[in-house]
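> requesting a structural model of the entry that follows:
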Amino acid sequence: MFIHGDLHPNNYNSANYTVCIAGVHSFAGAILFSIETQQTIGYGTRVVKETCYFAIVVMMVQSSIGVLLQSFMVGVVFAKISRPKKRTETLIWSREAVICLRDGQITLQCRVGDMRKSHIVEAHVRMYLIKKRVTLEGEVLPLHTYDMNVGFDKGVDRLFLIWPLVIEHIIDEQSPLYNISRADLAKQRFELVVILEGIIESTGMTTQARTSYLPSEILWGYRFERLITFQRDDGLYRIDYSRFNLIYPVDMITCSARDLKELHELEKWHENNHHISHEKLNVPQVSAPSTAAVAAPPLVWQEKIESTL
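Numbers count the residues shown, from 1 in each chain. Here you go, the predicted model:
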């Protein structure tokens with residue numbers, strides 16, 4: 001409009017001059033026209049004349065830039081609102097981890113629960129042990145990471161997290177806790193890190209929750225209290241999150257998983273030896289027959305000849 005000269009006094013007062021934008025007589029009017037164009041409110045008396053090509057081009061550029069800015073702002077606001085920043089705050093972990101027997105095996109257990117009604121899809125868990133390691137060459141690795149099996153081969157690491165679950169690690173030959181007994185646990189220096197990952201059902205974004213346990217936070221010979229109870233009146237299950245961190249002591253051996261395996265092998269060896277010796281004692285003894293019960297052997301040819309003489 002300024003380039004076209006619409007606001008020039010000579011052109012403004014001339015009856016033969018055709019303005020570029022009708023209804024705009026000041027800078028404030030130009031701002032109002034720009035807002036009406038940008039927001040598609042409607043022109044009213046302000047309108048671009050078809051003889052002003054430069055104004056048409058500027059209006060097209062402004063409309064394109066405005067659409068891009070609006071799309072960018074909508075994306076930023078949506079991404080900010082839908083970020084799963086506070087989603088991990090509703091995932092709770094047990095205060096302590098426990099070591100107890102399950103199905104005859106020493107297992108390390110911790111508990112995780114989801115407080116929200118919206119579920120986490122494709123939830124899976126990983127567990128790592130971080131401690132010092134000395135190689136065969138004498139090299140010291142102060143922060144070596146051991147990958148601990150939580151059921152990868154059986155698919156147990158995939159969690160259906162609609163109620164609190166107990167994550168367990170079987171302490172076997174591949175476990176870094178295989179040689180640790182109850183007395184050794186208090187002297188160890190390591191950190192147990194547990195990571196849970198999944199997809200938020202409402203947004204489709206990935207979230208991750210982490211926790212860690214020190215040796216002082218791992219209790220030997222304890223088990224988690226039961227949380228889920230069945231209500232007979234309405235046929236529903238009730239979860240009491242006030243008992244989430246409750247544990248109770250159980251009868252538990254204090255030796256390591258390695259010593260327990262050696263004891264089982266020794267018991268099997270004694271069992272087998274006792275069974276073999278018992279079978280030897282029960283073998284029936286064959287007694288020698290009496291002379292009267294034994295029939296006389298048949299006569300040979302020489303005996304027959306002598307008997308006839």
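> mind checking the longest strand of the chain?
strand 120-134 (DSSP state E).
> surely residue 251 forms part of a helix?
No: counting by DSSP: H, G, I helix; E, B strand; the rest coil, one finds residue 251 to be coil, located in no helix.
> so what's it up against?
residue 221 (CB atoms under 8 Å, 6 or more residues apart in numbering). (Each C-beta comes from the backbone N, C-alpha and C, glycine too.)
> what of residue 209?
Neighbours of residue 209 in contact, by CB under 8 Å, 6+ apart: 88, 91, 93, 112, 195, 196, 197.
> ok, now which ones touch the second one?
Same thing as residue 91. By CB under 8 Å, 6+ apart, the residues touching residue 91 are 112, 113, 114, 115, 120, 196, 209.
> tabulate these (TSV), appending pLDDT, secondary structure and distance to residue 183.
Formatted as TSV, the contacts of residue 91 follow (pLDDT from 0 to 100; DSSP: H, G, I helix; E, B strand; the rest coil; distance: CB to CB, whole Å):
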residue	pLDDT	secondary structure	distance to residue 183
112	94	strand	29
113	92	strand	32
114	89	strand	36
115	85	coil	37
120	87	strand	39
196	93	strand	31
209	90	strand	33
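> among the contacts of residue 209, name the buried ones.
Neighbour-count burial (16 or more other CB atoms under 10 Å) applied to those gives 91, 93, 112, 196.
> closest to residue 231 among those residues?
For the buried ones among the contacts of residue 209, the closest approach to residue 231 (CB to CB) belongs to residue 112, at 23.8 Å.
> now for the contacts of residue 209: which two are most distant?
So, these by CB to CB: farthest apart are 93 and 197, at 14.1 Å.
> sorry, back to before: which of the contacts of residue 209 sits closest to residue 127?
Each of the contacts of residue 209 was scored against residue 127 by CB to CB, and residue 195 proved nearest at 7.6 Å.
> name the SS class of that closest one, please.
Assigned state for residue 195: strand (three-state reduction, three-state DSSP).
> got a list of what it touches?
Each residue near residue 195 by CB under 8 Å, 6+ apart is listed here: 125, 126, 127, 128, 208, 209, 210.
> ok, residue 132 next?
By CB under 8 Å, 6+ apart, the contact list for residue 132 reads 140, 141, 142, 143, 144, 189.
> among those residues, which ones are in helices?
Judged by DSSP state H, the subset of the contacts of residue 132 located in helices is empty.
> which of those lies closest to residue 37?
The nearest member of those to residue 37, counting by CB to CB, is residue 143 at 61.2 Å.
> for the protein, give me the ranges with low pLDDT.
By pLDDT under 70, the weakly predicted segments of the chain are 1-19, 23, 41-44, 82-88, 274-309.
> quick one: the helices in it, in order.
Here the chain has its helices, by DSSP H, at 9-12, 27-38, 53-82, 182-185, 257-281, 301-308.
> hmm, back to that, top of the contacts of residue 132 by number of neighbours, please.
residue 144 (15 neighbours; other CB atoms under 10 Å).
> what bridges to that residue?
residue 131 (DSSP bridges).
> wait, it touches residue 134, no?
No: counting by CB atoms under 8 Å, residue 144 stays clear of residue 134, with 9.3 Å between them.
> reformat the contacts of residue 209 as JSON lines; add distance to residue 258.
JSON lines is the format used below for the contacts of residue 209 (distance: CB to CB, whole Å):
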{"residue": "88", "distance to residue 258": "37"}
{"residue": "91", "distance to residue 258": "34"}
{"residue": "93", "distance to residue 258": "29"}
{"residue": "112", "distance to residue 258": "28"}
{"residue": "195", "distance to residue 258": "27"}
{"residue": "196", "distance to residue 258": "30"}
{"residue": "197", "distance to residue 258": "32"}
